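K.L.:
got a predicted model here, sequence first, then my questions.
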Amino acid sequence: MNNHSMSNLSLDYYERRASTYAQQTLTVNMGTLIREFLALLPPAGHILDMGCGSGRDAVAFLQKGYDITALDGSAALCRIAKEQLNKAWHSMPQSNKPTYRVIHKNFLDIDWQQKFDGIWACASLLHCNEESLPIVLDKISHALKPGGVLYVSFKYGQHFRMDGEREFLDLDEARFEHFFASASSLHLKRLWHSQDQRIENPTIWLNALLVKQLI
């Protein structure tokens, strides 16, 4: 296996279409999911936005007072996310501003230890393949503080498939249980379906909130 959790095909897609993808996703309203996630986090904690894309959700967390590390495998999307975060940060009141940084890195290359209160992996781990997902989940578990919270979302289904120029690992409840069984320190808090927020998109999503056990 190469050292990329996301296939080169998918990475190339985001690198070439970063601007278009950002325009399509920047205004999608993720407020309900964000509130579910933040309700389990301490105020003013540190969040890793894993697969930050355009920076949409990282900006929302920053504006709510959380320190942000935003990570993406696409250098072009990292540049867009940094612009969005920089703009948001400068528009905030001067006192007690949270911090942010944007990192261009593949998921398999992360090596943090008990650093984050929350990890937000919104529609990002779905580009892992069957071999890399358990490895990435182990790295996520190590990166979370005890009691830390993970949010993930996958397109609902039962296959690893090609869709256009990208590859997707779809999960239903049984496949979720299979892949997440290896992440023994992550305890499932909630698993549920949601409709895509874009009206023209019929995708059903499988969402999950997991909490890392206390030592």
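P.N.:
Nice, thanks for sending it over. Numbers count the residues shown, from 1 in each chain.
K.L.:
which helix in this structure has the most residues?
P.N.:
Looking across the chain with DSSP state H, the single longest helix is helix 75-90.
K.L.:
tell me where the chain has strands.
P.N.:
Assigned by DSSP state E, the chain shows strands spanning 46-50, 67-72, 100-104, 116-121, 144-155, 160-163, 166-169, 186-195, 204-212.
K.L.:
a markdown table for the ones you listed, including mean neighbour count and distance to Val59?
P.N.:
Heads up, the C-betas are built off the backbone N, CA and C, glycines and all. What follows is the strands of the chain, written out as a markdown table (neighbours: other Cβ atoms under 10 Å; distance: least, Cβ to Cβ, whole Å):
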| stretch | mean neighbour count | distance to Val59 |
| --- | --- | --- |
| strand 46-50 | 27 | 9 |
| strand 67-72 | 25 | 8 |
| strand 100-104 | 17 | 9 |
| strand 116-121 | 25 | 12 |
| strand 144-155 | 22 | 16 |
| strand 160-163 | 12 | 27 |
| strand 166-169 | 19 | 24 |
| strand 186-195 | 14 | 21 |
| strand 204-212 | 20 | 20 |
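K.L.:
and these as CSV, adding distance to Gln24 and mean pLDDT?
P.N.:
What follows is the strands of the chain, written out as CSV (distance: least, Cβ to Cβ, whole Å; pLDDT from 0 to 100):
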stretch, distance to Gln24, mean pLDDT
strand 46-50, 18, 98
strand 67-72, 16, 98
strand 100-104, 20, 98
strand 116-121, 19, 98
strand 144-155, 16, 97
strand 160-163, 15, 90
strand 166-169, 13, 90
strand 186-195, 17, 94
strand 204-212, 16, 97
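K.L.:
Asn86 is nearest to which of those?
P.N.:
Proximity to Asn86 (Cβ to Cβ) singles out strand 100-104 among the strands of the chain, at 8.2 Å.
K.L.:
by how many degrees do that closest one and strand 67-72 diverge?
P.N.:
Between the axes of strand 100-104 and strand 67-72, defined by axes from the mean of the first three to the mean of the last three Cα atoms, to 10 degrees, the angle is 20 degrees.
K.L.:
who are the packing partners of strand 100-104?
P.N.:
Contacts defined by 3 or more Cβ pairs under 8 Å, 6 or more residues apart in numbering; DSSP states H and E place strand 100-104 against strand 67-72, helix 75-90.
K.L.:
okay, the ones you listed in a markdown table with distance to Glu173 next?
P.N.:
A markdown table is the format used below for these (distance: least, Cβ to Cβ, whole Å):
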| stretch | distance to Glu173 |
| --- | --- |
| strand 67-72 | 28 |
| helix 75-90 | 30 |
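K.L.:
pick the most deeply packed of those.
P.N.:
Of all the helices and strands packed on strand 100-104, strand 67-72 has the most neighbours on average by mean count of other Cβ atoms under 10 Å, namely a mean of 25.
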